[in-house]
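A.B. asks: got a sequence here, can you model it:
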Amino acid sequence: MGVQSLLVNKHACFTAPLCYKKQKTTPSSFHHHPSAMSASLQTAEPGKTRVGFLGMGIMGKAMAHNLIKAGYDVTVWNRSSSACQPLLDQGATLGSSPAAVVDATDITLAMLSDPRACVEVALGPQGVVKGLASGKGYIDVSTVDAATAAQVEAAVHKGGGMYLEAPVSGSKKPAEDGQLIFLTAGDRALFDAGAPLLDVMGKASFYLGDSAGNGANMKLVVNMIMGCMMASFAEGLALAEKSGLKKEDLLEVIKLGAIAAPMFSMKGPTMIQQQYATAFPLKHQQKDLRLALELGGATDQRLDIARAANRLYEDAMGGNYGDADFSAVMEAVMSKGMVDVGEDSEAQRRQQLYEIRAEATMLVESIEDRAVEAVEAAQAEAAEAVKEVERLRLELEGLKGEK
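C.D. replies: Numbers count the residues shown, from 1 in each chain. Down below sits the predicted model:
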């Protein structure tokens, strides 16, 4: 039976994938299954729940700010402590290490750059697991692969804590506006207890089951689609210009058609101006495409479009656009080397591979034909040899009879 996708009022309770849709209510007005809650892990509430936040990048800073604004007692940490200063000015407390933050709080969230950072922060000498105890929860909202999520979950459980992976769909502006979408999996009790926190930072929270990795895989699929859409959009803008069309007209046509998308409307005007103020770093989009391709390899799923898009983002990275917004893939699309069909183009490599395979098939067939001919010739010669031997035998017997 397929899994039903449901989006309902967050006060309702139902089967996976569970989604809490944000309402204009205070976090303390949530209702949940008492039976699903751990006696030592209470529902988050401003003024009562101590919250930790690890990672003060573009997203983490905005998310932590919203938690402080909602009245939560927040302790923050970042590798470079100076990045925490804006939050400290708003009333946050500075933690000396991830372990210290977890030790001082009830539920800790982390928004980190990549799988390696997530593992180091969670499992390092002063990592999250060192500060864990029964009744504490760790919610990782970073985008990582399923294997990393499972690795961190196992370590958190071993340390006595609860774990929830909750990668987000959305970039800087949705993070600032509290309009993110959380794609979660892991301990249901922590999902229920942390729901008010997610509500402050987002507009919807999907619970995709108790298997860590479901959230990671969903996020990789979503970001793979987004990266491919952006690369294709950039190619469309470039082709329109090369064809003598106005890029502004293309934006208007797209806006009124079936392929209209908020991302195109938001990013299009700045892409035309070749301005790429960072909302979602290109290096992170390329990382997500790489992880999606690895997932495709592990599941034996062809991802030809994603592979081609990834090459464009890699080229943009090579052009020092890694820290720019992911819409800077436009620069790779417009570069001469990517417009011309060169010797290393994917299409030409496929053609060469096809020709090699065809030539190899013809060679094998030719060898098989020659082998069959050789065998037939040998069989004929053997038959003649048998006849000759029989003739000689009969002749010999005749000579013996004459004697």
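A.B. asks: contacts only, for Lys246.
C.D. replies: Ala240 (Cβ atoms under 8 Å, 6 or more residues apart in numbering). In short, each C-beta sits where N, CA and C put it, glycine included.
A.B. asks: let me fix that, I meant to ask about Ala62.
C.D. replies: 172, 175-176 are the contacts of Ala62 under Cβ under 8 Å, 6+ apart.
A.B. asks: look up how far Thr75 lies from it.
C.D. replies: Distance of Ala62 to Thr75, given as Cβ to Cβ, to the nearest Å: 17 Å.
A.B. asks: and Arg370, by the same measure?
C.D. replies: 78 Å.
A.B. asks: and those two? Which one has more around it.
C.D. replies: A direct count of neighbours by other Cβ atoms under 10 Å for Arg370 and Thr75 places Thr75 higher, at 23 against 10.
A.B. asks: on the three-state scheme, the more buried one is what?
C.D. replies: Judged by DSSP: H, G, I helix; E, B strand; the rest coil, the three-state class of Thr75 is strand.
A.B. asks: shouldn't it be in contact with Ser96?
C.D. replies: No: using Cβ atoms under 8 Å, Thr75 is not in contact with Ser96, being 10.1 Å away.
A.B. asks: next, count neighbours for the nearest residue in space to Tyr313 that is not next to it in sequence.
C.D. replies: Leaving aside its sequence neighbours, Tyr313 sits nearest to Gln286 (Cβ to Cβ, 6 or more residues apart in numbering; 3.9 Å). Burial of Gln286 is recorded as 24 neighbouring residues (other Cβ under 10 Å).
A.B. asks: need phi/psi at Gln286.
C.D. replies: Here is the backbone geometry of Gln286 (degrees, to the nearest 10): phi -70, psi -40.
A.B. asks: who's in contact with it?
C.D. replies: 227, 310, 313-314, 316-317, 322.
A.B. asks: nearest to Val121 among the residues you listed?
C.D. replies: Gly322 (21.3 Å; Cβ to Cβ).
A.B. asks: from Glu235, how far off is the closest one?
C.D. replies: Distance from Gly322 to Glu235, by Cβ to Cβ: 20 Å.
A.B. asks: ok, so of the contacts of Ala62, who is nearest Met330?
C.D. replies: For these, the nearest to Met330 is Lys172 (18.4 Å; Cβ to Cβ).
A.B. asks: my guess is that closest one contacts Gly57, does it?
C.D. replies: No: Lys172 is beyond contact range of Gly57, at 9.9 Å (criterion: Cβ under 8 Å).
A.B. asks: centre of the chain to the helix or strand hosting Met229, how far?
C.D. replies: Using DSSP states H and E, Met229 maps to helix 214-242. Counting by Cα atoms, centre = their mean, to the nearest Å, helix 214-242 is centred 12 Å from the centre of its parent chain.
A.B. asks: which residues in the stretch 151-300 of the chain form strands?
C.D. replies: Assigned by DSSP state E, counting those that start in this stretch, the stretch 151-300 of the chain shows strands spanning 162-165, 168-169, 180-186, 202-207.
A.B. asks: can you add distance to Pro269, mean pLDDT and mean neighbour count and give these back as TSV?
C.D. replies: As requested, the strands of the stretch 151-300 of the chain are arranged in TSV below (distance: least, Cβ to Cβ, whole Å; pLDDT from 0 to 100; neighbours: other Cβ atoms under 10 Å):
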stretch	distance to Pro269	mean pLDDT	mean neighbour count
strand 162-165	35	98	29
strand 168-169	23	93	22
strand 180-186	23	97	28
strand 202-207	24	96	22
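A.B. asks: now tabulate those in JSON lines and tack on distance to Thr299.
C.D. replies: As requested, the strands of the stretch 151-300 of the chain are exported to JSON lines (distance: least, Cβ to Cβ, whole Å):
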{"stretch": "strand 162-165", "distance to Thr299": "19"}
{"stretch": "strand 168-169", "distance to Thr299": "21"}
{"stretch": "strand 180-186", "distance to Thr299": "17"}
{"stretch": "strand 202-207", "distance to Thr299": "21"}
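A.B. asks: still on that earlier bit, of the contacts of Ala62, which is the most crowded?
C.D. replies: Ala175 (25 neighbours).
A.B. asks: now do it, the pLDDT please.
C.D. replies: pLDDT, Ala175: 95.
A.B. asks: what's the answer for Ala324, then?
C.D. replies: Taking Ala324 on its own, its pLDDT is 96.
A.B. asks: any idea what sits nearest it, other than its immediate chain neighbours?
C.D. replies: Spatially, and ignoring its direct neighbours in sequence, Ala324 is nearest to Tyr276 (4.2 Å; Cβ to Cβ, 6+ apart).
A.B. asks: count of neighbours near that neighbour?
C.D. replies: 22.
A.B. asks: gap between it and Met334?
C.D. replies: Taking Cβ to Cβ, one finds Tyr276 at 12 Å from Met334.
A.B. asks: any low-confidence regions in the stretch 301-403 of the chain?
C.D. replies: Low-confidence segments of the stretch 301-403 of the chain (pLDDT under 70): 336-355, 357-358, 361-362, 365-366, 369, 402-403.
A.B. asks: hang on, isn't Ala216 packed against Thr148?
C.D. replies: Yes: using Cβ under 8 Å, Ala216 makes contact with Thr148 at a distance of 7.4 Å.
A.B. asks: comparing the two, which residue is more hemmed in?
C.D. replies: Comparing Ala216 with Thr148 by other Cβ under 10 Å, the one with more neighbours is Ala216, at 28 against 24.
A.B. asks: many thanks, have a good one.
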